[in-house]
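> This is a predicted model, with the sequence first.
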Amino acid sequence: MWLWFYQLASPPHAYRLLGLWRPWLLWPAIALMVIGVYGGLVMAPADYQQKDAFRIIYVHVPSASLSLMVYVMMAVAAAIGLIWRMKLAHAVAASCAPLGAWFTVLALVTGSIWGKPMWGTWWEWDPRLTSELILLFLYLGYMALRASFDDIQRADRASAILAIVGVVNVPIVKYSVEWWNSLHQGPSISVTSKSAIAGSMVWPLLVLLLAFVLYFGAILCNRVRGEILLRERNTAWLAESSLKS
Amino acid sequence: MPNASASGAKLEVRGLHLWRGERHLLRNVSFAVEPGELLQVAGPNGVGKTSLLRCAAGLLPVESGEIFWRHQPIAAQRDTYHSELAYLAHVNALKVDLTARENLLFGVGIRRSVTSEEIDQALARVEIPHCRDLPVRSLSAGQKRRVAIARILLTRPALWILDEPITNLDVGGIALFERCMATHLEEGGMILTAAHQSLLAGRSGVRTLELH
Amino acid sequence: MNLSEFLHMGGYAPYVWSCYGLTAIVLVGMEWAGRRQLQLAQEKARRRAQMGAQMAVAENPS
Amino acid sequence: MQPGVGSLMGLVLARDLRLAFRHWDQVIQPLVFFVIVTTLFPLAISPSLDELRGIAPGIVWVAAMLASLLALESLFRPDVDDGTMEQWTLSGQPLSLMLLAKTLAHWLLAGLPLVIMAPLVGYALGMPESAWPVLVGSLALGTGCLSVLGGIGAALTVSVRRGSVLLALLVLPLEMPILIFGARAVDLAMHGESATGPLNLLAAMLLLFISLGPVAMAAAMRISVES
């Protein structure tokens, strides 16, 4: 196992591997997305309360889960990069941030669009939306800190510390926002009470969640390859390696 | 008496490479400093003298190449290495609102307990006993440099890493500092320095490393 | 389940379709941005490699 | 013979307090800022105490957060600029403990005065005396958390140009839970309910940050001191 771990650390090898994996992530992701969207929009019955508006769940929940998953992945990659001084791990952390931020924005906007028919207002200080907003601030803070260093190595290590401090605080933020919200008007009906959803409503959600994860993986491959090149001194090996994306 | 002559105290740098942005600043730099030796790093401005010293002191992480102290990589023994080292930078690292005595009391105190008499002796040795209770703000640049040198004398480290040590020193100050360096070398201490004028020229154990 | 009913989405068409449209835009945008960032990095790396090669030749032209 | 941990932190604390007393004017600036910010709200909202009373805890806590953020500027920047921090990182002594002592000194100078002044400000915003103990207690614990979390942010941004705006962007989202529990505790106390829940949570967070924070601060400081 260690050989693989160290082999992955050598930039040309990692660069080539990521190029090979990418199609295997991209096309299944797109296929699953089509199936999931079809399942969610056509096959799933309308919700008895929210009627067809509930179909927004099929894009809101995957992007919300991705936004958190990507932050945790970013913090883990940062920790690995900091502890074992692996440039590849820092490259992964650097690539995760913008993608995670975009998923958070997506979750926020779809959440508030969904709020209009359900709560009658575009913005509601609902615990999930509020912690999603704070998560967006954490992403923006991470990217701002990373951008403020000229030297990539220093930017990597400084932002890694922030990512680790941030990930320790994410559960605290989530719990405190839940606690803060529950005091004001009692535990609000959870937007996605999973138990209430019939079977035929759930499978598209899981399919789309997997589709989003694979799609994120495919884009991450490209971004990490770019970040590897930014960190590499001698990139002579780039010339002869085939340059197909 | 610096315990430099104890078991094989030696600073060794092998194959040091450093980049600043796109520029390949240090290319495959290697050297060693043994007890009783002074190595002066020379070269035009911007060639990377300060960066080399900061890498040797363990301040600046190295991208490739190794640095050994007592035959062990410094990354593995950072705190013990630092406790045997004194680094004099361009800035004197003094608090201008504190007096010279207070600066030495706190500056040296965090590394080893020091008494008021020792501080007085050190200030006398660098020939500024009258500045003892003056706030550093009111001292001249040369006097501030002497307080910084007094701090090095008080911590008694085995290895001195000095970046442009004699800036702002007058002729008397330079002579005084060269005497301090000479006694440090005689006691088995080591010095790695970057300076434009050659220091302790002609003395045995003094070598120069040319960077280009 | 004919097309017009499907598009109508039980009266919530604007909300549902704006969400799905926005998601599509963001996902495609991510792919495009990722690809472009890689190309920029590749060009920069290639230029640096050539510069390195020239400097190497200049230093020891043997 | 290196000084022990206790005397090391004692030295750092003594140095910072001595430095601060030489510049008394700088020490009271966060306190004056705190009072000014709290007087903005009555001007903005309404002079009637009944209206202000409802949001008094929030006003005091937001003002305390902003004052502690402002005070963070003077935490590490002077030492990094004059090279003293570089000597600390090269001292061979545990940097995290030295930075913890420095944060404690900073809290004594910037955090404690706010805690002492808070009842006065609370009274001016119509807060009943019965809520004072919880106000002081929650602010004492809260400003401690704010100092340590802020210290990590300050260590990360001290060597960055225009670092103070970035510092706020990094630190405020992390401090939101402290604001939630702190303001909530005072609000509960004002309505006569027991505020032990949020106070315990604040104390737990303080312990978490005091134990883990200094390690992050030291790692961040070593990066900032590099260049």
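That came through, no problem.
> what does chain A put close to chain D?
For chain A, the contact set with chain D under C-beta under 8 Å from any C-beta of the partner chain comprises A:82, A:134, A:137-138, A:140-141, A:144-145, A:148-149, A:151, A:154, A:157-158, A:161-162, A:164-166, A:168-169, A:172-173, A:175-177, A:179-180, A:183. Where you see a C-beta, it was placed from the backbone N, CA and C, and this is true even at glycine.
> Buried subset of the residues you listed as a ChimeraX selection?
The following ChimeraX line selects those of the residues of chain A next to chain D that are buried, judged by 16 or more other C-beta atoms under 10 Å in any protein chain shown:
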select /A:82,134,137,138,140,141,144,145,148,149,154,157,158,161,162,164,165,166,168,169,172,173,176,177,179,180
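> Let's see which of the residues of chain A next to chain D end up in helices.
A:82, A:134, A:137-138, A:140-141, A:144-145, A:154, A:157-158, A:161-162, A:164-166, A:168-169, A:172-173, A:175-177, A:179-180, A:183 (DSSP state H).
> And for the least confident helix or strand in chain C by mean pLDDT, what's in contact with it?
Among the helices and strands of chain C, helix C:3-8 carries the lowest confidence by mean pLDDT, DSSP states H and E, at a mean of 80. With C-beta atoms under 8 Å, 6 or more residues apart in numbering or on different chains as the test, helix C:3-8 has contacts from A:41-42, C:13, C:17.
> Which member of those is positioned nearest chain D?
Each of the contacts of helix C:3-8 was scored against chain D by C-beta to the nearest C-beta, and C:W17 proved nearest at 32.6 Å.
> Name the residue of chain C with the shortest distance to chain B.
Taking C-beta to the nearest C-beta, chain C has C:R48 as its residue nearest chain B, at 6.8 Å.
> Confirm that residue sits in a helix?
Yes - counting by DSSP: H, G, I helix; E, B strand; the rest coil, C:R48 is found in a helix.
> surely it meets B:G21?
No - using C-beta atoms under 8 Å, C:R48 is not in contact with B:G21, being 11.0 Å away.
> circling back to that earlier point, could you tell me how many residues sit around the residue of chain C closest to chain B?
Counted with other C-beta atoms under 10 Å in any protein chain shown, residues neighbouring C:R48 total 18.
> Quick check: D:L49 vs chain A, distance?
Separation of D:L49 from chain A (C-beta to the nearest C-beta, to the nearest Å): 23 Å.
> Show the contacting residues for that residue.
Residues counted as contacts of D:L49 (C-beta under 8 Å, 6+ apart) are D:125-126.
> What distance do you get for it to chain B?
Separation of D:L49 from chain B (C-beta to the nearest C-beta): 44 Å.
> where does the chain dip in pLDDT?
Picking chain A for this. When residues are selected by pLDDT under 70, those of chain A lie in A:1-8, A:184-198, A:235, A:239-245.
> oops, chain D please
Within chain D, no range satisfies pLDDT under 70.
> Kindly report the residues of chain B close to chain C.
B:E22.
> Return the residues of chain B in contact with chain D.
Listed as neighbours of chain D in chain B under the rule C-beta under 8 Å from any C-beta: B:54, B:57-61, B:79-87, B:89, B:91-98, B:102, B:106-107, B:109-113.
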